[in-house]
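# sequence first, then the predicted structure, then my questions.
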Amino acid sequence: MPLSCHVHHTSEVSDVKDDYRKEVFSIAAWLLWNRRNAIHFGRPVRPTAQLLSTAGNLLQDFLAVQQIDTASPPPHIMHHWSTPDSNYHKINFNAAMFRDSHLAGIGGVVVRDWRGIKRPLKMDNPNLKITAS
């Protein structure tokens, strides 16, 4: 069954910034293809008069979630490991605190002695209860 569609130039098109005309065209083409498939498979379709406004809405939704946070990431600080004093051990670890559950988790634990030799560490319960004092 041939499908014909006539899209008229409306104020909706002129409201779109020149920068996004290609995107609106691409979305409109996709909507037309999707509409054609819906007709072919007997699914409900939107009127072609809504095609450009739907394309504009989809583009606005897409652009809204593409907002990039302008806050710069914290600077990367290089830490260099230094040996502890003789007969001491140095423990390096990563930790996370969970405010809602008042728990903290410790992971990525590395224990080294004054010679730099790694030592095993056993933790039965890596979750610690946090209490305010």
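All right, it came through fine.
# shaky segments in the chain?
1-18, 69, 120-133 (pLDDT under 70).
# could you list the domains of this protein?
11-64, 89-129 (automatic domain parsing).
# how about R112, secondary structure?
strand (DSSP: H, G, I helix; E, B strand; the rest coil).
# please identify the most buried of the domains of the chain.
Mean neighbours per residue, mean count of other Cβ atoms under 10 Å, is largest over the domains of the chain for domain 11-64, with a mean of 13. In short, each C-beta sits where N, CA and C put it, glycine included.
# how far does that domain sit from the chain's center?
25 Å (Cα atoms, centre = their mean, to the nearest Å).
# picking up where we left off before, of all the domains of the chain, which one comes closest to P74?
domain 89-129 (15.6 Å; Cβ to Cβ).
# kindly reformat the domains of the chain as JSON lines containing distance to H79.
Formatted as JSON lines, the domains of the chain follow (distance: least, Cβ to Cβ, whole Å):
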{"stretch": "domain 11-64", "distance to H79": "39"}
{"stretch": "domain 89-129", "distance to H79": "9"}
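# H76: which of these is closest?
domain 89-129 (15.7 Å).
# how far away from the center of its chain is that closest one?
29 Å.
# for A28, phi and psi?
phi -60, psi -40 (degrees, to the nearest 10).
# from memory it sits against L52, does it?
Yes: look at A28 against L52 with Cβ atoms under 8 Å: they come within range, at 6.4 Å.
# pretty sure V109 is in a strand, no?
Yes: counting by three-state DSSP, V109 falls inside a strand.
# look up how far H40 lies from it.
60 Å (Cβ to Cβ, to the nearest Å).
# the helix or strand hosting N57 packs against which elements?
Secondary structure assignment for N57, by DSSP states H and E: helix 51-64. Packing contacts for helix 51-64, counted by 3 or more Cβ pairs under 8 Å, 6 or more residues apart in numbering; DSSP states H and E, involve helix 11-15, helix 21-40.
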